[in-house]
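*Asks:* Compute the structure for the input listed below.
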Amino acid sequence: MRRVLMAASIALLIGPIAAHAKIGDWKNYTDMKNVIGLVATGNAVWAGTTGGMLRFIPGDSTFLKFTNSEGLTGNDVNAIGVDSRASIWVGENSGAIDIYSPATNSWKYINDVELSTQSHKAINAFFPYGDTMYIATAFGISVFSLKDFDFGDSYENIGLFSHPSVTCLTIENGRIFVGTSQGVSVSQPNAKNLPSPDSWTSYTTPAEVTALAVYRNNVYAGTTTGVYEFQDSSWTAVPSLGQAVTALVSGNSFLYVFGLNNALTLSSNGTVSSLGDATPANISCALADSSGKIFVGMVEGGIGVFNAGASTWSQFAPNGPMTSVFASIAIDANGVLWAASVGAGGSGAGRGFYSFDGKTWRNYNTATEPILTTNEFFSVSLGPNNSKWIGSWGEGVALVDGNGNIVREFNHSYPGFVGVVTDTVVVIGKIGTDPSGNVWVPVYDALNGNVLWRMKPDSTWGPIRAPSSTAYGDLLGITVDRNGTKWCSNTISKFQPQPAHFVYYNESVPVQGLAGDGWGEATVSNGFASQSITNVVEDKDGALWVGTDLGVTIINDPAYPISQNSTVFLGAVRDQFINTIVVDPLNDKWLGTHTGVVVVSSDGSSLIAQYNVANTNGKLVDNDVLSIALDEKKGIAYFGTESGLSSLEIPVIETVEKMTTLEVGPNPFIIPDQPSVSIKGLTDNASIKVLNIAGSLVKEFAAQGGGRAFWDGTDTFGKTVGTGVYLIVAYATNGSQVATAKVAVIRR
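*Replies:* This is a model prediction of the structure:
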């Protein structure tokens, strides 16, 4: 009680206490609108999605998200169920099974299927029966005992079907009904020897079974061609229900039959009726809760709730990105993250682009923004005045202003870009900005040779033509160094594997290798790892780091790109496909590769850190890291993949020019539960003094760098300090700037 009162007194003394994420904490962001399964417990509806799991509270329309940073093994959920103890079962395509207890907010994991030798391991469905959970898999049925928390029997041959992909199952009158892509197998009443084929009767009609349900003691099968009823050991098609079925739900008064975008009811006397209007999106699954309320899960549409009184559907979806693809990301001056939704080549599955301010996602696409003429956006760049330039496959580039509003699209109509294949198909990669505020825009494979355009600060445009004697058309990105040289990337992951030219352009400053027209070219004969250039970045020393499909080459002096360069020979980098390179405030380099994230020292000689799916226990959602962005003010690294966005709390943040206020956390600092206090808002080369409440010096040390310092809760002699309030004093080494903050320490 004394400790609690002491903590309360400290909180009152230092004011409101904010929660802080710890260094090393991961968080993942995915699209959770593609619902594949629904179950209910109490007042909550639980949804399995291809981006993780959702808890939906219909009473207040709120969502709680669960990804692998909140306990799931992975985010690609393929099945969801609930057992007799109200625990939620989550099955994944990998074969992993995660069990979440809402009562205790705890997880259990079953990895037997995931680690098995089966070639197809997906978990397709769960069916609870007393203290047993039947697990439908891509190779048969597994039976799991809740009491023993262990597997019992497994059935890989179910009647005539060998290793079938089981889509659904149910039990009625002591018989197990198993739906597969090949048909239905039904066990003999109370059969004991289920591995024996003689214990089953198999039916190929109905075929391609998608759902099973028991209504008024009769078993119904939903298929791709309609609904069948099991009568007298045979299946009979139900009249007026000849549509493809996505779900069957048994209610008190009706059997609910769900098609792609409609719902029907079948009464006990065989009457078929419509249930309201068409749903807002295609139906993938359905549920009736304990009160009889009807819910549907929808394809890229979230959750639909049927309003019985009005015979209408309401649609609910969590705020989030339009897809889980983060092909290109950037952090703007306001700390807002911007992302493009489509990978290389324009797959036709683009969903526009999106922004995230740390709390709320905003989606930009042709449905929400009439000014847009495409959703195939693949590149994000920052321009002058906090503008964002979002490049597309085919419709030029969209300009977004500092307030997040789309200004216009620049395309074939204006300023007159000429595209690839036809004049109007304009592909724009990442833009560059020079020290004078000019914006340089690459036009991929322009038919008329105008592969580079400049927009001046007064918004006037002009083209730059590639030399007619060359094929300098593979421009997918521009980086402008401090001398105004434009360096052109020509490769994106999964697109253009081996272009022939690494070109650069400077219209006014002499650079080694430039011809009279201002264009130059470097090759592997000049010491480059490859001529397939994924990106170019300028570091804090003015050197250029050139990412390729075979590692990294450093141009040590950009005035001499043909002779003054070297290759990074570090094993974690050499021969890797480098998707992206980002320079942090300490001049260290963050590299996104096909095999994860690699962090190297400023000169590339030392490995600082390495992150992949395996060594983060799946917290990094995908090894193929296409894009990286650092929020240097908050200390967050973002990693974009085609499976979602991962974020990591890091100690490197932006230094400030002048110290005004310090951000200290966690506050209170609980010892030994928390390893250290983070002190943010420092200048370069700052030092820290820790004083007790009486003003006596406890410890003094130099900040660790990158605008942040850490205090481990010890004094000058290495002893842990006691409970109390401590003053943190940060000062510049020349004594010209001082900033202070208080931290409460609770020693357990």
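
*Asks:* Please count neighbours and contacts with C-alpha atoms only from this point.
*Replies:* Fine.

*Asks:* residue ranges for the strands of the stretch 501-650 of the chain, please.
*Replies:* Assigned by DSSP state E, counting those that start in this stretch, the strands in the stretch 501-650 of the chain fall at 502-505, 519-522, 533-538, 544-548, 551-555, 565-567, 578-583, 589-593, 596-600, 607-611, 627-631, 636-641, 644-649.

*Asks:* Low-confidence regions, the protein specifically.
*Replies:* Across the chain, the ranges flagged by pLDDT under 70 are 1-23, 343-347, 496-499, 652-653, 734-735.

*Asks:* residue furthest from the geometric center of it?
*Replies:* Centroid-distance maximum for the chain: residue 232 at 50.5 Å, with Cα atoms, centre = their mean.

*Asks:* What's the separation between that residue and residue 218?
*Replies:* Per Cα to Cα, to the nearest Å, residue 232 is found 11 Å from residue 218.

*Asks:* thinking again about what came up before, output the strands of the stretch 501-650 of the chain in TSV; the columns should cover mean neighbour count and distance to residue 727.
*Replies:* Shown next, in TSV, are the strands of the stretch 501-650 of the chain (neighbours: other Cα atoms under 10 Å; distance: least, Cα to Cα, whole Å):
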stretch	mean neighbour count	distance to residue 727
strand 502-505	23	53
strand 519-522	20	56
strand 533-538	26	39
strand 544-548	27	42
strand 551-555	26	45
strand 565-567	18	47
strand 578-583	25	33
strand 589-593	26	34
strand 596-600	23	34
strand 607-611	15	32
strand 627-631	25	27
strand 636-641	25	26
strand 644-649	22	25
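
*Asks:* Select, out of these, the one closest to residue 240.
*Replies:* Nearest to residue 240 among the strands of the stretch 501-650 of the chain is strand 644-649 (42.3 Å), distances taken as Cα to Cα.

*Asks:* Now do the buried residues in the next helix-or-strand element following that closest one.
*Replies:* Where DSSP states H and E defines the elements, the next helix or strand beyond strand 644-649 is strand 663-665. Residues 664-665 are the ones in strand 663-665 that count as buried (16 or more other Cα atoms under 10 Å).

*Asks:* Pairing partners for strand 663-665, with directions?
*Replies:* strand 677-680 (antiparallel) (DSSP bridges).

*Asks:* who does the helix or strand following the strand it pairs with pair up with?
*Replies:* Using DSSP H and E, the next helix or strand after strand 677-680 towards the C-terminus is strand 686-692. Using DSSP bridges, the strands paired with strand 686-692 are strand 697-702 (antiparallel), strand 724-732 (antiparallel).

*Asks:* JSON lines please, covering the strands of the stretch 501-650 of the chain and showing distance to residue 484.
*Replies:* Shown next, in JSON lines, are the strands of the stretch 501-650 of the chain (distance: least, Cα to Cα, whole Å):
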{"stretch": "strand 502-505", "distance to residue 484": "9"}
{"stretch": "strand 519-522", "distance to residue 484": "13"}
{"stretch": "strand 533-538", "distance to residue 484": "12"}
{"stretch": "strand 544-548", "distance to residue 484": "13"}
{"stretch": "strand 551-555", "distance to residue 484": "15"}
{"stretch": "strand 565-567", "distance to residue 484": "19"}
{"stretch": "strand 578-583", "distance to residue 484": "19"}
{"stretch": "strand 589-593", "distance to residue 484": "22"}
{"stretch": "strand 596-600", "distance to residue 484": "27"}
{"stretch": "strand 607-611", "distance to residue 484": "31"}
{"stretch": "strand 627-631", "distance to residue 484": "23"}
{"stretch": "strand 636-641", "distance to residue 484": "28"}
{"stretch": "strand 644-649", "distance to residue 484": "33"}
